[in-house]
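Q: coordinates for the following, if possible.
(chains A and B)
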Amino acid sequence: MGPETPEPRIDSGAVHVRSELLPDAVGVVTVVGEIDLHAASSLRSELTAVSDESSVLIVVDLSAATFIDSMTLGVLAGAGRRMAQRGGELRIVCVDPNIRRIFGLTLLDRLLPIYSSLRAALETSGVA
Amino acid sequence: MRESFPDWEWPRADRTTGLGVLVALVGTSAVSALAGVTKLEGKPGPAGLYLAVVIGASALGGLWAGLFGSIVALFGYRYFYIVPTHSVEVTASNAAALGAFLATALLASYLLFRARRSLAKLRAYRETLELAMESSAMGTMEWRSGMSQVALSAGAERLFGLAPGAFSGSTDQLLGLVHPDDRSRAAAALGVAAEADGRLAVELRFVRADGVDVWLELRARAIRSLTPDLARVVAVVLDVTETREAALADRQELAELTEHHSLLSAVVDQLPTGVIIAEAPSGRILLSNAQFDQLWGEPLRRAGDFSEYRVFRGYHPDGTPYRPEDWPLARAILAGETTVARLIEIDPPTGVKKTIESSAAPVRDASGRITAGISVIVDVTDRTRRQREQQFLGEASAILSSSLGFDETLTRVAQLAVPSLADWCAVDLLSDDGAITNVAVAHADQGKVDLAHRLQVEYPPDPASANGVPAVIRTGRSELHTEITDEMLVAAAVDGVQLQIVRDLGLRSAITAPLTTHGRTLGAITFVTAESDRRYTEVDLLLLEEIARRAATAVDNARLYSEQGAARAQAEEAWAQVSRLQAVTAALSEAVTSTEVAEAIVREGLVAFRAHAAAVVRLTSSGTQFEVLASTGFSDALSARWSTYSADLAGPSAEAIRTGRVVATGSAEQLGQRWPNSVESQALTGLEANIAAPLLVEGEAIGVLHMSFRGTREFDEPTQEFLVTLARQCAQALERARLYEAEAAARGDAERLTNRMRRLQLIVDATLAGGSFDDLLLGLLKHLRDAVGSDTATILILDEAGGVLRECASIGFDGPLNTRVPLGQGFAGRIAASQLPAVVPDISQIEVVSPYLRASGIVSLAGVPLLVDGRTVGVLHVGTKEPHGFEREDLLLLRLAASRVAAALERAQAHEQEHRIAETLQRSLLPGALPAASGIEAAARYVPATVGVTVGGDWYDAFELEDGSVGIAVGDVVGHGVAAAASMGRLRDVLRAYATDGAGPADTLARLNKMSCREGEDMFATVVYGVVNPARSSLRLASAGHPPPLLRRPDGEVIQLEEGRSLPIGAAADAEYNEVDIALEAGSLLVLYTDGLVERRDESIDAGIERLAALIAEDPAPVAEVADRIIDALAYAHHPDDVVLVAIAIERVKSPRLTLSLPAEPQSLALMRAELRAWLESVRAEEDEIFDILVAVNEACSNSIEHPSGSESGELVVNLEADLVGEDITIVVRDSGRWKPQGPKEDRGRGLEFMEALMEGVEVVRLPDGTTVRMHRRLRGEART
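A: Okay, here's the model as predicted:
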């Protein structure tokens, strides 16, 4: 019996990024699947879509994300910095312990507050 | 703005005076001083100037400045003027001049000082006054230089209502403000004030400038002065409007109040009801009206406070007197209660009691304080009486319409009339014979009632009397005597005694009304008043006649009722008998024994027949005697003597038995005549009538029921029938009881028998029950002890080698006996030697070897030998602590137990031995260790049976075959014990031999079967044999009737390997065996077992297999763990059979290397990750490890893809190689370009950081033709064992 090549799991590689504008200048960007170099641009554009000069809060929901890379972190860090500059905030929702570890590894978790649910992230803003 | 004091002038005038004095003094001084100086020098000099300085200093600086100035001036004069130029001759005139000068200067200074102080004081006074005037309605006025002009202070202006500055100062203007009525008075007052030393105080009404009327008080005083122009009149003005008005109001109020009071009195007097008004809080009565006085009977003495309310005597409805504070008026004042129409019985001084309805309410002032109380009283005496009469009529009607006997009814009516309508009430009825009978007399005092009865007896009314009851009855017309006069009494009295008695009764008024119905007069009712002093009127007569009419109707009804009574009484009696019979039946239903039945009949019969004595006698079984089962009412002595008597003697009992009929004797005489010598007649001493009924059961008399009565009696038909009914009940119950008793006796016998059987059975069962041998013996001893009723039970075993008996098991002792009894000695020793049972009633009489027997207080012993094939193997004995005579039955039990013990001992010893052999054999035959083949992991478990003493024939074997495959066999040889173990061993050896010889599973089993059948062995076995080939990931399996192995696939699915099954080994010589080839994927688990694992007594083997499958399906774990879990869950629950379990895990086969070549474009990354993840999973990296590696490799690949120097995207390729060596993973990513230096792009730049953080070693080699990243990480490998 020779080594069997597993079926490529292309499906999990698909990434979906969508955004939503909530009242009170709150934006939510939801990421499903894996974000990498290829998908980072769509994340960046969605972040741009929900943020303008009046944005007070952007929540990036990574609950359904299965993979992130340094590019993603860079995009998030950049967006977070821009938000902070105009008095807003960028929050991360993340439950996957592996992804959280990545945030911890890069100390980004000190920069971007991480919540374990979208509700928690929104609640503390009074939007939920 | 602070108002300045207007009379500033007069202190100023004073100062002017002071200054005038000063000027005079200065002038004088100056003249004298100048004279002195002139005289001295002859010409004026600066001395005058100096003097001016001194005086100026004095005026300005006060006393001390003046003094100082004087001295300075003196010395100045002396030294600056006189001394330097001239020598002054001190002459008398000089000195005098100087002295005068000094004195003048000093005086001037002093006066100046005084003037200043006065001014200061004045200022202070003025300010105080100003303040006082300012804060009060006060002002001052001052007339000067005659009365035409007047100065007003600001306060005065305000009082006059003048605007500041509006006053011209003319007295006339001021007078113009005086109210026209008071003007002349004002003018006169001013005239008085202007007179010398005039003082004036007058109150005048002014119409203020602003139109408001005010009362002002002017207090004026003329102040004289030496200079007429200083003379003036000063007045103080006060506003006294409020005071005056208040006083006026007071006076008016007083007048009004007086007027109100008179008015109120007049009004109140006109009211038709009594009224009392009292003040709060004292309760003093302020007012009461004429109606009240009339009601009260005399003018009310006004009470000073509540305590004097005692004069009011009143009573609550229950008769308790009113206390002063109880009256509604008092309650209104004290507690603010409002009372509405409270009925009170009052006892006014007139002595005529009245009923009043009193209402009272508090009177409150505006603040709610109670200032007075008012009570309205209505005399409701008449109304109340009428109400009572109506009430009486109602109640009397109720009584009359009740179903009471009419004597009682009339008595109740008479009682009801007293005392509300009359003090006396009597009812007389006319009997059919024309006599008049008094049926009821009522009076509140029972003594007087008795007196009346006596009078009735001693002085019966004369039916022919012209008046009174006889006359009323005769004529049917009522009599009313509003006033009973003494003459009437005298006329009615028969003699002096009666007259005296009647006089003493103090009769006042009387009404006698006929009791008439349907035109017939039945009697009369008489109402008399005495103590109540009440006088009957025509009105009362109407009421009482009505009562009489109703009473007559009731009497009539009652007569009709009593006529119907007899018939109804009969019906009731019949009903009562039914009830009594029911009672008897109920009582009988609870009676079980014959005696209980008889007692119930006697008890209930006595009540039902209202008899005085009753008895139930029964014929004895021989039929020759009567026995008294139960009796009551007879004297005890007789009952005892006649408990049995001959059935042959003539008497009611014998007669009833003989005839089968009721035997009634109405009197003792009758009884004596019929049966002169009867026993019953003696028993019936003191009784007269007797009735006896036979107790018949299916026509046969079994006894007699007697009822006896004290008086003579005729027994009518219904009574006799009732007795027969009762007798029938009694007979049935007795028969039932007899049957019950017979049955109970039989049951008792049966139970005793059953009990014996049960005990025997227990002893037998004990030996058959499972459990250890010791438990068996202990259980048996317990049953034996219970069966024979002993305290102890002991089994001793003969140790043949030593020739001694040792304790094997015992109960009833505190601990083990640890005793050794030599054969032939002592109690047990002799039994063992003689092989004969022995009983010792008292062990103190014999030799006992074991000291424990005596120490434990054993008194009696019984023992039997334990015999096996005629050999003594031990002794069984029981002991009691109380003396006990062991009977034959006990010894039989002992012998039975002994035989059981002996058999058990024998069997146990044999089994024990065999079990040990078999287990040893079996264990020795099982493989010590499983083969360590690569690619598989195996675990095996063998658990011998724990219940019972058997060893099964379960076995397993595992061995490596030449091609690297592993052979695994599991089998179960039918049968237990050494033989099965031996068969198992041979089977195992043969199977292994064939298998290693290269035979496939089916072939191996076929040959095994042939061998078994050929040898003609009585061997029967199930075997499953499989060959696992890790290289081929396959399993070849054959089964000889064995339960199906289970296979868990990597995805967790568990399947039963049913294929490849054939007949068990030894079933048929020509049985064919086949095999099946099953793919074993990496990660599979194969489980082989024997039926002991899955078989339970109470369920099918399929259920057991399902349970095993469920256990296997749980999370994968190392096989050893799986095996333990299965054994824990299934085998140890209870397994009467051996259990074998073999579990084989097929290890995942690692991919040696992953090689990927990807286009250098972002889309490739997802594919790369998917491939790498699959590879990492295949090498069983853990999820967090996989993630870390994926992130790191993704970074490396991303960098390569972003390579800036690539000519055309798509042409460039990223190569990835992943290797696993041991637990070490090495991944190499290569590209053909150069990495961008540290990212100018904000989002990048963490790639290398990530790699280094996530991997254990990262090497980046940048060469012109490309960059190579080599990463390394060691897997934990926990799940890989």
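
Q: in the stretch 1051-1200 of chain B, which spans are strands?
A: Residue ranges of the strands in the stretch 1051-1200 of chain B, as given by DSSP state E, counting those that start in this stretch, are B:1054-1056, B:1061-1062, B:1076-1079, B:1085-1089, B:1139-1146, B:1153-1159.

Q: turn those into a markdown table, including mean neighbour count, mean pLDDT and distance to residue A:94.
A: In this view, the C-beta of every residue, glycine as well, is placed from N, C-alpha and C. Shown next, in a markdown table, are those (neighbours: other C-beta atoms under 10 Å in any protein chain shown; pLDDT from 0 to 100; distance: least, C-beta to C-beta, whole Å):
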| stretch | mean neighbour count | mean pLDDT | distance to residue A:94 |
| --- | --- | --- | --- |
| strand B:1054-1056 | 16 | 90 | 37 |
| strand B:1061-1062 | 20 | 86 | 54 |
| strand B:1076-1079 | 16 | 89 | 41 |
| strand B:1085-1089 | 26 | 91 | 36 |
| strand B:1139-1146 | 25 | 86 | 36 |
| strand B:1153-1159 | 16 | 83 | 28 |
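
Q: flag the shaky bits of the stretch 801-950 of chain B, pLDDT-wise.
A: Within the stretch 801-950 of chain B, the set of residues satisfying pLDDT under 70 comprises B:802, B:815-818, B:908-934, B:944-950.

Q: now with 90, please.
A: Counting by pLDDT under 90, the stretch 801-950 of chain B contains low-confidence ranges at B:801-861, B:866-874, B:880-950.

Q: roughly how far is the longest strand seen in chain A from the heart of the chain?
A: Longest strand in chain A, counting residues (DSSP state E): strand A:57-67. Chain-centre distance of strand A:57-67: 4 Å, with C-alpha atoms, centre = their mean, to the nearest Å.

Q: returning to what we had before: just send the strands of the stretch 1051-1200 of chain B back as JSON lines, with distance to residue B:582 too.
A: Converted to JSON lines, the strands of the stretch 1051-1200 of chain B look like this (distance: least, C-beta to C-beta, whole Å):
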{"stretch": "strand B:1054-1056", "distance to residue B:582": "75"}
{"stretch": "strand B:1061-1062", "distance to residue B:582": "79"}
{"stretch": "strand B:1076-1079", "distance to residue B:582": "86"}
{"stretch": "strand B:1085-1089", "distance to residue B:582": "75"}
{"stretch": "strand B:1139-1146", "distance to residue B:582": "73"}
{"stretch": "strand B:1153-1159", "distance to residue B:582": "104"}
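
Q: can you tell me which of those strands is nearest to residue B:1184?
A: strand B:1153-1159 (19.5 Å; C-beta to C-beta).

Q: can you show me the helices along the stretch 851-1000 of chain B?
A: Assigned by DSSP state H, counting those that start in this stretch, the stretch 851-1000 of chain B shows helices spanning B:851-855, B:888-925, B:977-996.

Q: meant to ask about chain A, not that
A: Using DSSP state H, the helices assigned to chain A run over residues A:10-13, A:37-50, A:70-85, A:97-105, A:108-111, A:118-123.

Q: neighbours of residue B:460, how many?
A: By other C-beta atoms under 10 Å in any protein chain shown, 13 other residues sit near residue B:460.

Q: that should have said residue B:670, apologies.
A: Count around residue B:670 with other C-beta under 10 Å applied: 15.

Q: how long is stretch A:62-71 end to end?
A: Terminal residues of stretch A:62-71 are spaced 15 Å apart (C-alpha to C-alpha, to the nearest Å).

Q: scratch that, stretch B:580-600
A: Terminal residues of stretch B:580-600 lie 12 Å apart, using C-alpha to C-alpha.

Q: repeat for stretch B:334-349
A: End-to-end distance of stretch B:334-349 (C-alpha to C-alpha): 26 Å.

Q: returning to that earlier point: turn the strands of the stretch 1051-1200 of chain B into a markdown table, including distance to chain A.
A: Shown next, in a markdown table, are the strands of the stretch 1051-1200 of chain B (distance: least, C-beta to the nearest C-beta, whole Å):
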| stretch | distance to chain A |
| --- | --- |
| strand B:1054-1056 | 20 |
| strand B:1061-1062 | 27 |
| strand B:1076-1079 | 9 |
| strand B:1085-1089 | 17 |
| strand B:1139-1146 | 11 |
| strand B:1153-1159 | 8 |
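
Q: helix or strand: which one has the closest residue to residue B:517 other than its chain neighbours?
A: Once flanking residues are discounted, residue B:517 sits nearest to residue B:552: 4.1 Å by C-beta to C-beta, 6 or more residues apart in numbering or on different chains. Using DSSP states H and E, residue B:552 falls within helix B:538-590.

Q: returning to what we had before: show the pLDDT at the residue nearest to residue B:517.
A: What the model reports for residue B:552 is a pLDDT of 80.

Q: what does stretch B:832-846 rub up against?
A: Contacts to stretch B:832-846, defined as C-beta atoms under 8 Å, 6 or more residues apart in numbering or on different chains, come from residues B:796, B:798, B:805, B:821, B:823-824, B:827, B:830-831, B:853-854, B:858-865, B:867, B:872, B:874-875, B:879, B:883-886, B:891, B:894-895.

Q: scratch that, stretch B:668-681 is what I was asking about
A: B:642, B:645-646, B:649-653, B:655, B:665, B:684, B:687-688, B:690, B:692, B:706.

Q: go through the residues you listed and name the one nearest chain A.
A: Taking C-beta to the nearest C-beta as the measure, chain A lies nearest residue B:706 of these, at 98.4 Å.

Q: return the residues in contact with that closest one.
A: Per C-beta under 8 Å, 6+ apart, neighbours of residue B:706: B:613, B:614, B:615, B:616, B:617, B:652, B:653, B:680, B:690, B:691, B:692.
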